[in-house]
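Colleague: Give me a model of this one.
(one chain, ligands or ions: 2)
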Amino acid sequence: MSLTLYNSLTRQKEPFEPLEAGRVKIYCCGVTVYDFCHLGHARSYIVWDTVRRYLMWRGYRVTYVQNFTDIDDKIIRRSQADNIPWEQITETYIQAYLDDMRRLNIQDADRYPHATQVIPQIVQFIEQLIAKGYAYEANGDVYYAVERFPSYGKLSGRKLDQMEAGASGRVGDGETKKRHPLDFALWKSAKPGEPSWDSPWGKGRPGWHIECSVMVKEELGDSIDIHMGGQDLTFPHHENEIAQSEAALAAPLSRYWLHNGFVNISGEKMSKSLGNFTTIRQMLDAGIEPMVLRLFVLQAQYRKPIDFTDGAIASAQNSWSTLKDGLLFGHRHGKTLGWVDAAEADFGDPAAMRIEADSSAASQFQSAMDDDFNTSAALAVLFELAKDLQKERNRLVHDGETQTDANTLRQQWQTLTVLAQVLGLEASPDQDATATLSDEVIEAKIQERKAAKQSKSFAEADRIRDELKALGIILIDKPGGVTEWRRE
Ligand SMILES: Nc1ncnc2c1ncn2[C@@H]1O[C@H](COP(=O)(O)OP(=O)(O)OP(=O)(O)O)[C@@H](O)[C@H]1O
Ligand SMILES: [Zn+2]
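Modeller: Ligands and ions are numbered 1, 2, ... in the order given. The predicted model follows:
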């Protein structure tokens, strides 16, 4: 069985064959750092984190590079508006990015190059494009000449003449020095007071697209396996990266191009510029668990749009309670079931991960993920496992025994834990207040409450119920004086 993925470049699903067997070189376009990240950014980076984790689980050695765009018009505007040096703006939001993403259990990139760290290499790259006839200087700016690159438009499927008809015809009107309306800036001359670097064309700063071409080359070489980003980056950003890199280096920039769909609000892209966004930290600080956001994202296939609504978050919350219950099963009941070392089980080790690869759940999970990272189908496999464990937990709590034997249950729980981890879904037993109460203690409290009720000490009975509730144990009184319970 092989991994297939949808390649935006060829507009079809293709088997995944890396340039070098067993190794995968990935470049992901990072954020422009001038504000906090919103749920749309969360989607993009959760999805790519999951792809990376999955490739690693499949046994590939993955190198994952993601940039920070730390010089840009929006950063300059923000710095001027807030009267704060631009370097301070970028530093603040890089740190905020890292904090937010770590809270979402997104693994750090292997390297995070910054655009401003590669200015000399950018200048050199532009000189090379000029020397080869793909770029021209005009009064301190440098533009890429799209007409010189015959396959311009191959990624987005656009034809230059059609695009030209749609583009604003401002060439030669004095506002621009471009030769063709679609020519784009590689180097922008600095206006007074703007941050700038020396170059053969005078003081200025790089355009957005050239940064990525240069950082890919510097970090990963002329050709990589996977280049990824949000769907809006297909054109012009990635189209322009291809034009720059392939013209300068005469090699395909990336074998596979992956693009994630948007998080929308009322049918519109959630976006900083439109102002219709909710930041990741607003949501997490309001008490939404990070894993709920991960589930919200992963419940959809990564290329499809997702609508952000309160209902969708509530439904992800429900799904997370089921999954969390399953993930904590071993920590809560392992001892009762006689799993001596349940609490110490370490699944961080990839070898431990492979153990489960033979189970039927693991192979269903793999088929789902092999099909262009179908996380919604992969999650269905996890929910099956979690629901089975929930049933067994109810049997254990109410009948004192499980139907399935302890060993099989342990294996199911391990499989669930390992596969969930591939999707970055983890439940921490340390934060599980209810785990500190063993089933026996809970049963004993219930008996105490029953006795209190029988002796008409209703206040005491209520106190016991509230005490348990505070610890996340919900009591359900059934007819005939029977009290069942569940953990929240
Ligand atoms: N609503 C969204 N849904 C999914 N991905 C998104 C969304 N908004 C931004 N992204 C992706 O996040 C990554 C980083 O985005 P970037 O910093 O360039 O922000 P942006 O697209 O300018 O954001 P905004 O549109 O909010 O100003 C890009 O790959 C982009 O496509
Ligand atoms: Zn980029």
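Colleague: Where does the record place the domain boundaries for this protein?
Modeller: Split into domains by automatic domain parsing, the chain comes to 19-269, 309-432, 435-487.
Colleague: Let me see the mean pLDDT of the last one.
Modeller: Averaging the model's pLDDT scores along domain 435-487 yields 85.
Colleague: how far away is Glu211 from Ala81?
Modeller: With distances taken as Cβ to Cβ, to the nearest Å, Glu211 is found 23 Å from Ala81. Every residue, glycine included, has its C-beta placed from N, CA and C.
Colleague: Determine the number of other residues adjacent to Gln80.
Modeller: A count of nearby residues for Gln80, using other Cβ atoms under 10 Å, gives 12.
Colleague: Within the helices and strands, which one has it?
Modeller: Gln80 is located in helix 73-82, with elements delineated by DSSP states H and E.
Colleague: A helix includes Arg486, no?
Modeller: No. Under DSSP: H, G, I helix; E, B strand; the rest coil, Arg486 falls outside any helix and is assigned strand.
Colleague: give me the number of residues near it?
Modeller: Arg486: 15 neighbours (other Cβ under 10 Å).
Colleague: who does it bridge with?
Modeller: Beta bridges link Arg486 to Ile474, judged by DSSP bridges.
Colleague: Quick one: residues contacting the residue of the stretch 1-150 of the chain found nearest ligand 2.
Modeller: Residue nearest to ligand 2 within the stretch 1-150 of the chain: Cys29 (3.2 Å; Cβ to the ion). Cys29 makes contact with Gln66, Asn67, Cys212, His227, Met228, Gly229, Gly230, Leu233, His237, His238, according to Cβ atoms under 8 Å, 6 or more residues apart in numbering.
Colleague: hmm, 7 Å instead?
Modeller: Asn67, Cys212, Gly229, Leu233, His237 (Cβ atoms under 7 Å, 6 or more residues apart in numbering).
Colleague: what about it, distance to ligand 1?
Modeller: 5 Å (Cβ to the nearest ligand atom, to the nearest Å).
Colleague: And the pLDDT at that residue?
Modeller: In this prediction, Cys29 carries a pLDDT score of 98.
Colleague: before we move on, what about the one 5 residues further on?
Modeller: According to the predicted model, the pLDDT of Tyr34 comes to 96.
Colleague: so it touches Thr92, yeah?
Modeller: No. Using Cβ atoms under 7 Å, Tyr34 is not in contact with Thr92, being 9.4 Å away.
Colleague: buried ones in the helix holding Gln80?
Modeller: Judged by neighbour count using 16 or more other Cβ atoms under 10 Å, the buried positions of helix 73-82 are Lys74, Ile75, Ile76, Arg78, Ser79.
Colleague: Near ligand 2, list only the ones from those.
Modeller: By Cβ under 5 Å from the ion, no member of the buried residues of helix 73-82 lies near ligand 2.
Colleague: Which residues of the stretch 151-300 of the chain lie near ligand 2?
Modeller: Cys212.
Colleague: and the stretch 151-300 of the chain, which of its residues are near ligand 1?
Modeller: Within the stretch 151-300 of the chain, the positions lying close to ligand 1 (Cβ under 6 Å from any ligand atom) are Gly229, Gly230, Asp232, Leu233, Asn260, Phe262, Val263, Lys269, Met270, Ser271, Lys272, Ser273.
Colleague: what two of these are the furthest from one another?
Modeller: Farthest-apart pair in these is Asn260 and Ser273; separation 18.2 Å (Cβ to Cβ).
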